[in-house]
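Asker: just coords:
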């Protein structure tokens, strides 16, 4: 099975997906509002959306979330869709409801969310290999989404309608909050006297090691450190060294680590002591 694809939106993700599909041998058109410099062999088509979308089996909307309903309205106006078409957007949060304007066309409607970041469209194909994609929608959209995932070297994960907010919150915690926590760690390192040129580097091997552990083990088995050991003395020393805001964050995340530690077999006596310490910190007591 193969599909003709039209990608609407020439940002980094739209370019990355279009380029990766093109390099896999798929027939792809990249559509946008303005002409942009994109990697060969792609070119952005500004006009003739109707022609490109009429020829496409799968239309992928790679715009910001707020623009998705407007793109759907334009597609409706172009009268380019039929029941053989499938339209998917890339939002991690929104589901097929964002495409409600297209319901009268009979086209398959859904969403395709790559669980990967794309900073450079040229290397997107490499980043997609082995990653996962959340797919949601009606039967035809799911077929199209799973084909896209396979073509990009990804694993498709079906999501029920209305469930994407929790799924996307998890993605945000991994992709964004990990970076934010690293920023906090660098700030703490500098406050402890680590030279600025080293403060941004010293924790990176530790982060890489944790990621390797998570690639092989469940979170409760990959967890290490004071909470996992039940070392209340070390945790208390950490909390005493932190400013109130940092202490609250340490406590809140520490309670999640404590839940994993309990699942991994931490003795309840030790867990109870840690729970009191961490709860007091998280609530600002």
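Answerer: Now that the structure is in, tell me what you want to look at. Computed from a predicted structure; not experimentally measured.

Asker: What ranges does the protein have for its helices?
Answerer: 12-23, 49-55, 68-78, 124-128, 139-151, 164-172, 178-191, 196-199, 204-216, 219-222, 226-229, 232-241, 244-263, 268-282 (DSSP state H).

Asker: Touching the fifth one from outside, list them.
Answerer: Applying Cβ atoms under 8 Å, 6 or more residues apart in numbering, the contact partners of helix 139-151 are 1, 3, 5, 17, 21, 24, 26, 57-58, 60, 86-88, 96, 107-112, 133, 135-137, 154-156, 158. In this view, the C-beta of every residue, glycine as well, is placed from N, C-alpha and C.

Asker: for this structure, which spans come out with low pLDDT?
Answerer: Scanning the chain for pLDDT under 70 picks out the ranges 34-37, 39-41, 46.

Asker: try 50
Answerer: Along the chain, no part satisfies pLDDT under 50.

Asker: how is it carved up into domains?
Answerer: According to automatic domain parsing, the chain comprises the domains 4-162, 166-282.

Asker: would you turn the ones you listed into JSON lines with mean neighbour count?
Answerer: Shown next, in JSON lines, are the domains of the chain (neighbours: other Cβ atoms under 10 Å):
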{"stretch": "domain 4-162", "mean neighbour count": "19"}
{"stretch": "domain 166-282", "mean neighbour count": "15"}
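
Asker: Next, the contact list for residue 9, please.
Answerer: Taking Cβ under 8 Å, 6+ apart, we find residue 9 in contact with 31, 32, 61, 62, 63, 67, 71, 90.

Asker: so who does the closest residue to residue 127 other than its chain neighbours touch?
Answerer: Nearest residue to residue 127 in three dimensions, chain neighbours excluded: residue 116, at 5.0 Å (Cβ to Cβ, 6 or more residues apart in numbering). Applying Cβ under 8 Å, 6+ apart to residue 116 gives the contacts 127, 128, 131, 154.

Asker: cool, and residue 159?
Answerer: Contacts of residue 159 were listed using Cβ under 8 Å, 6+ apart, and they are 134, 135, 136, 167.

Asker: how near is it to residue 272?
Answerer: 37 Å (Cβ to Cβ, to the nearest Å).

Asker: Next: residue 236.
Answerer: 14 Å.

Asker: what's the answer for residue 65, then?
Answerer: 43 Å.

Asker: same deal with residue 252?
Answerer: Distance, residue 252 to residue 272, using Cβ to Cβ: 18 Å.

Asker: Repeat that for residue 93.
Answerer: 38 Å.
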